[in-house]
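Q: coordinates only, sequence not included:
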């Protein structure tokens, strides 16, 4: 370290003495100023010129006397306080040099910037993977919904038709119904469903192999068993009606037209409620399955590879880098409008005194700011 500033005890004692004298002088000046204020007239308009000039000269003499006592003390402390300033500068300079040496090793920032770049690439990759997985999950759910809705509607419509026709039959038609249905079996309904399905296949872009694979898997593994069950359920509904034939024949012996009408109304209400309940349950199952698959997909993507994380103590913050006067002016305007939004005018006015000083200087050169009030200000310097 070169040019080390040294301050000995004598210089420190001298500064202490000057400070003591300065405090004492301030008290004497305070008394003198207060006494002078009491003697000075407050109504200057009532003074004649000669009297006014005489008071002014007296004030000038008083201030010169104070100045004569004040300035020597200022000069006595200047050497010491300049050394203190130089000592502070020496510390701050050396500290700044050390900080710059520390900052000269940029590996930590460079490495974390690289990790941040890799992390963003990784996040973008995961986001793309997640979007693709969600797209296939949504497609799979669409396929399932299409065929499950077809199965449910097929079952409801067939069942409702069986029931409506059965309860609308007279005695001879019920007996005939029992005889005709005796030759039906599950295979009959399987073949009928298969033919109807050909006209209701799910439509999608078959040129995309991944979608074809999803469609084939869903249709083979999940939907075909449901079609088989549908045939069994329809056959079971027919058998239920067949088993009900003896009871129905007894009911028809005493059933009036009014009773039959009420039966049809109750049947229609029951069928509507069953259809709503079946669709609601089916939609809820598919929605839950979709959510579970998407959660599983999130876990798969998240654990596919270790996440890149920034080192302890590293942080990412945005920072402005204005490129020209216009951009910097926008920042200054933003600062003034927001930093002092709830600050009183006097505080702001004092805070920006340097702005007023600059504008005052240019005002006296003839440059006027439109919309800002200005007045003359008279100042009198002391004379020796």
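A: Now that the structure is in, tell me what you want to look at. Since we're looking at a predicted model, the values are computed, not measured.
Q: Any regions of the stretch 1-150 of the chain where pLDDT drops low?
A: 1-5 (pLDDT under 70).
Q: who touches the one helix or strand residue 336 maps to?
A: Taking DSSP states H and E as the definition, residue 336 sits inside helix 325-339. Contacts of helix 325-339 with the rest of the structure, by CB atoms under 8 Å, 6 or more residues apart in numbering, involve 320, 322. For the C-beta atoms, the positions are set from N, CA and C on the backbone; glycine is no exception.
Q: How about stretch 248-265?
A: 164, 166-168, 170-171, 174-175.
Q: quick one: residue 98 from residue 90, how far?
A: 13 Å (CB to CB, to the nearest Å).
Q: neighbour-wise, which of these two wins?
A: Neighbours were counted for residue 98 and for residue 90 using other CB atoms under 10 Å; residue 90 has more, 15 against 10.
Q: The more buried one: which element?
A: Per DSSP H and E: helix 49-103 holds residue 90.
Q: and that helix, what does it pack onto?
A: helix 9-39 (3 or more CB pairs under 8 Å, 6 or more residues apart in numbering; DSSP states H and E).
Q: what's the single longest helix in this protein?
A: For the chain, the longest helix by residue count, based on DSSP state H, is helix 107-168.
Q: quick check, distance from that helix to the centre of its chain.
A: Centroid separation for helix 107-168 versus its chain: 26 Å, with CA atoms, centre = their mean, to the nearest Å.
Q: That one to helix 49-103, inter-axis angle?
A: Relative orientation of helix 107-168 and helix 49-103, computed by axes from the mean of the first three to the mean of the last three CA atoms, to 10 degrees: 80 degrees.
Q: Summarise which helices and strands helix 107-168 is packed against.
A: Helix 107-168 packs on helix 186-198, helix 209-218, helix 224-243, helix 257-303, going by 3+ CB pairs under 8 Å, 6+ apart.
Q: Among those, which comes closest to residue 149?
A: helix 257-303 (7.4 Å; CB to CB).
Q: That closest one vs helix 107-168, what angle?
A: 160 degrees.
Q: so how many other residues sit close to residue 119?
A: That count, for residue 119 with other CB under 10 Å as the rule, works out to 16.
Q: Apologies, that question was intended for residue 77.
A: 18.
Q: avg pLDDT for the helix holding residue 336?
A: Averaging pLDDT along helix 325-339 yields 92.
Q: Also stretch 263-276?
A: The model assigns stretch 263-276 a mean pLDDT of 91.
Q: Most remote residue from the middle of this structure, which is it?
A: The outermost residue of the chain relative to its centre, with distances by CA atoms, centre = their mean, is residue 50 at 74.8 Å.
Q: which residues touch it?
A: Going by CB under 8 Å, 6+ apart, the list of residues near residue 50 is empty.
Q: Tell me the spacing between it and residue 57.
A: Distance from residue 50 to residue 57, by CB to CB: 11 Å.
Q: quick one: common contacting residues for the two?
A: Between them, residue 50 and residue 57 share no contacting residue, judged by CB under 8 Å, 6+ apart.
Q: Which per-residue confidence value corresponds to residue 258?
A: 89.
Q: ok, it - how many residues close by?
A: 8.
Q: Begin at 15, not 1, for the rest of this chat.
A: Right, with 15 as the first residue, what we last looked at is residue 272.
Q: now it: how far from residue 318?
A: 70 Å.
Q: ok, now residue 296?
A: Counting by CB to CB, the gap from residue 296 to residue 318 is 33 Å.
Q: between those two, which one's more packed in?
A: residue 296 (16 against 12).
Q: returning to what we had before: helix 238-257 and the longest helix of the chain, what's the angle between them?
A: Going by the same axes, to 10 degrees, helix 121-182 makes 20 degrees with helix 238-257.
Q: I'd like the distance from residue 40 to residue 26, if you could.
A: From residue 40 to residue 26 the distance is 21 Å (CB to CB).
Q: What of residue 387?
A: In terms of CB to CB, residue 387 sits 51 Å off from residue 26.
Q: quick one on the thing from earlier: rank the helices and strands packed on helix 121-182 by mean pLDDT and give me the bottom one.
A: Looking at the helices and strands packed on helix 121-182, the bottom one is helix 200-212 with a mean of 84.
Q: which secondary structure elements does that helix contact?
A: helix 121-182, helix 238-257.
Q: just how off-centre is the last one within its chain?
A: Using CA atoms, centre = their mean, the mean C-alpha position of helix 238-257 is found 54 Å from that of the whole chain.
Q: List the contacts of that helix.
A: 161-162, 165, 168-169, 172-173, 176-177, 180, 191-192, 195-196, 198-204, 207-208, 211.
Q: If you tally nearby residues, what's the number for residue 181?
A: 19.
Q: just checking, it touches residue 281?
A: Yes - using CB atoms under 8 Å, residue 181 is in contact with residue 281, at 5.9 Å.
Q: Pull out the buried positions in stretch 153-165.
A: 153-162, 164-165 (16 or more other CB atoms under 10 Å).
Q: so what are the domain limits for this structure?
A: 23-117, 129-317, 332-398 (automatic domain parsing).
Q: ranking the ones you listed by burial, who's on top?
A: Most buried of the domains of the chain by mean neighbour count (mean count of other CB atoms under 10 Å) is domain 129-317; its value is a mean of 14.
Q: and the end-to-end length of that domain?
A: Start-to-end span of domain 129-317 (CA to CA, to the nearest Å) is 18 Å.
Q: cool, stretch 313-325 as well?
A: With CA to CA, one end of stretch 313-325 sits 24 Å from the other.
Q: Thank you, goodbye.
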